[in-house]
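S.K.: the amino acid sequence is not available; the structure is as follows:
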């Protein structure tokens, strides 16, 4: 028996760049533990689609069901279970450690346990010893990895990533791929990401959704 | 030149009454700004973080209230605090409490407006990030304030400067009572009427220096905030 879809999308039409262009998904179902890459040219609506799934943007036309109910009904659940990471993520003022603490906000952990979790996640994303670094001193690739770590600490059921390897060098790409493999292959996280990186898709063994002419036409 | 010389010698001699009046002004302004800051910070944060019906109308109403003259605030509060008013039994009219409350009401729209304008300039990704990370209400507030420390300081300093130089509320609610509720501005008005021009001028010079000091500090903090 097939599991209940996490997201069920019907006839979604989203205007995405202020020029009246519409991104159209006639029908799509995303299952728990799915790994999906959205590929398509720049400006084709990938980011808008991810933001709509995360609840950051309203669903203007058509419907998106999350766990069987329309997205707007599950708004609260969505913020607790779904996390989106921007292509150029926003890091809060202060140290890397302070940023990562925000990801751990809902956990009832002691300060010692929090420190331990943060050390482990930093190790996993190849930034050990970065705890006290000021976020303004980080490179684009490092900032993305910190944002990814912050999102992973939240332990989301659905992780939405915008171009996770766009700013990464070869080593950072390998680290990001490993980190994502760990949460998707060993964990229960559903991963949906926008990318141009074919090798990332191969390594993560994902289902690829291709956007052509502003429509999801091949998957 | 003689009045200026006399005013300066009054200041330099450390005239007790003048400096008591300055101290009264500063303490009234401090407490009223803190009260307005505390309430205004909460309101501005909620208006920034949440969408609710009539939100735009609320913001434009607050902005419009910035233009209300101090005498009107004083007049309305006088109605509330006078013996026959709804709050008359508190007996606060012509006491520091009345002045502080009146000045807080005057400062509140200024604080909210400054804070809301400042918060609106925060990167949209910040708000999306705190939303998607599922932050609690208190974490959202704390992070918003931490991201805009400069805005917060500027809002408080600007409102402090405005409150320090107002005269209508202090006069109507404080009653200009010597050694009790007399502030720099009410004293200047009184001394000028009484022909004690040197005393008024001395207070005027001190008020001007304080205003310049506050504005310079605000400017420096803004410039520093812009660089970081």
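M.R.: Sure thing, it's come through. Bear in mind the structure is a predicted one, so any value in this text is a computation, not a measurement. Residues are numbered from 1 along each chain as shown, chains lettered A, B, ... in the order given.
S.K.: which ones are touching the residue in chain A positioned nearest to chain B?
M.R.: Using CB to the nearest CB, residue A:90 is the residue of chain A that sits closest to chain B, at 3.8 Å. Using the backbone N, CA and C atoms, a C-beta is placed for each residue, glycine as well. Going by CB atoms under 8 Å, 6 or more residues apart in numbering or on different chains, residue A:90 touches A:147, B:123, B:125-126, B:128-129.
S.K.: for the helix or strand encompassing residue A:180, buried residues please.
M.R.: Per DSSP states H and E: residue A:180 is located in helix A:170-181. For helix A:170-181, a neighbour-count test (16 or more other CB atoms under 10 Å in any protein chain shown) marks A:172-173, A:175-177, A:179-181 as buried.
S.K.: what does stretch A:49-69 give?
M.R.: A:49-57, A:59, A:62, A:64-67.
S.K.: and if you look at stretch A:117-134?
M.R.: Judged by neighbour count using 16+ other CB under 10 Å, the buried positions of stretch A:117-134 are A:117-118, A:121-122, A:124-127, A:130, A:133.
S.K.: residues contacting residue B:192?
M.R.: Per CB under 8 Å, 6+ apart, neighbours of residue B:192: residue B:200.
S.K.: state the distance from it to chain A.
M.R.: Distance, residue B:192 to chain A, by CB to the nearest CB, to the nearest Å: 48 Å.
S.K.: can you say which helix or strand has that residue in it?
M.R.: Assigned by DSSP H and E, residue B:192 falls in helix B:184-193.
S.K.: for the helix or strand following that helix, packing partners?
M.R.: Downstream of helix B:184-193, the first helix or strand assigned by DSSP H and E is helix B:197-227. Where contact means 3 or more CB pairs under 8 Å, 6 or more residues apart in numbering or on different chains; DSSP states H and E, helix B:197-227 is packed against helix B:2-12, helix B:16-49, helix B:149-164, helix B:184-193.
S.K.: give me the mean pLDDT for helix B:197-227.
M.R.: For helix B:197-227, mean pLDDT rounds to 90.
S.K.: which parts of that helix are buried?
M.R.: B:198-204, B:206-207, B:210, B:214, B:218, B:221.
S.K.: tilt between it and helix B:2-12?
M.R.: If you take axes from the mean of the first three to the mean of the last three CA atoms, to 10 degrees, helix B:197-227 sits at 70 degrees to helix B:2-12.
S.K.: tell me the angle helix B:197-227 makes with helix B:16-49.
M.R.: 30 degrees.
S.K.: helix B:184-193 and helix B:197-227, what's the angle between them?
M.R.: Using the same axes, to 10 degrees, helix B:197-227 lies at 150 degrees relative to helix B:184-193.
S.K.: relative to helix B:149-164, how tilted is helix B:197-227?
M.R.: Using the same axes, to 10 degrees: helix B:197-227 against helix B:149-164 is 170 degrees.
S.K.: and the pLDDT for the residue of chain A closest to chain B?
M.R.: Looking at residue A:90, the pLDDT reads 97.
S.K.: what of residue A:103?
M.R.: 90.
S.K.: how about the nearest residue to it, chain neighbours excluded?
M.R.: Using CB to CB, 6 or more residues apart in numbering or on different chains and skipping the chain neighbours, the partner closest in space to residue A:103 is residue A:153 (3.4 Å).
S.K.: residues in contact with that neighbour?
M.R.: A:100, A:103-104, A:117-118, A:121.
S.K.: on that earlier part again, which of the contacts of residue A:90 fall within helices?
M.R.: A:147, B:125-126, B:128-129 (DSSP state H).
S.K.: and which of the residues you listed is nearest residue B:1?
M.R.: Comparing these against residue B:1 with CB to CB places residue B:126 closest, at 56.0 Å.
S.K.: ok, now which ones touch the closest one?
M.R.: A:90, A:92, B:143-144, B:147.
S.K.: can you do 7 Å?
M.R.: The neighbourhood of residue B:126, defined by CB atoms under 7 Å, 6 or more residues apart in numbering or on different chains, consists of A:90, B:147.
S.K.: report pLDDT for it.
M.R.: What the model reports as pLDDT for residue B:126 is 97.
S.K.: then residue A:134?
M.R.: Taking residue A:134 on its own, its pLDDT is 96.
S.K.: pLDDT value on the nearest residue to it once chain neighbours are set aside, please?
M.R.: Once flanking residues are discounted, residue A:134 sits nearest to residue A:95: 6.2 Å by CB to CB, 6+ apart. Among the per-residue scores, residue A:95 shows a pLDDT of 96.
S.K.: now residue A:95: phi and psi?
M.R.: Note on residue A:95: backbone dihedrals following degrees, to the nearest 10 are phi -80, psi 170.
S.K.: contact partners for the residue of chain B found nearest chain A?
M.R.: Of all residues in chain B, residue B:125 sits closest to chain A, at 3.8 Å by CB to the nearest CB. If you count contacts by CB under 7 Å, 6+ apart, residue B:125 has them with A:86, A:90.
S.K.: measure it to residue A:160 for me?
M.R.: Computed as CB to CB, to the nearest Å, the residue B:125 to residue A:160 distance reads 14 Å.
S.K.: what's the answer for residue A:95, then?
M.R.: Residue A:95 sits 26 Å away from residue A:160, taking CB to CB as the criterion.
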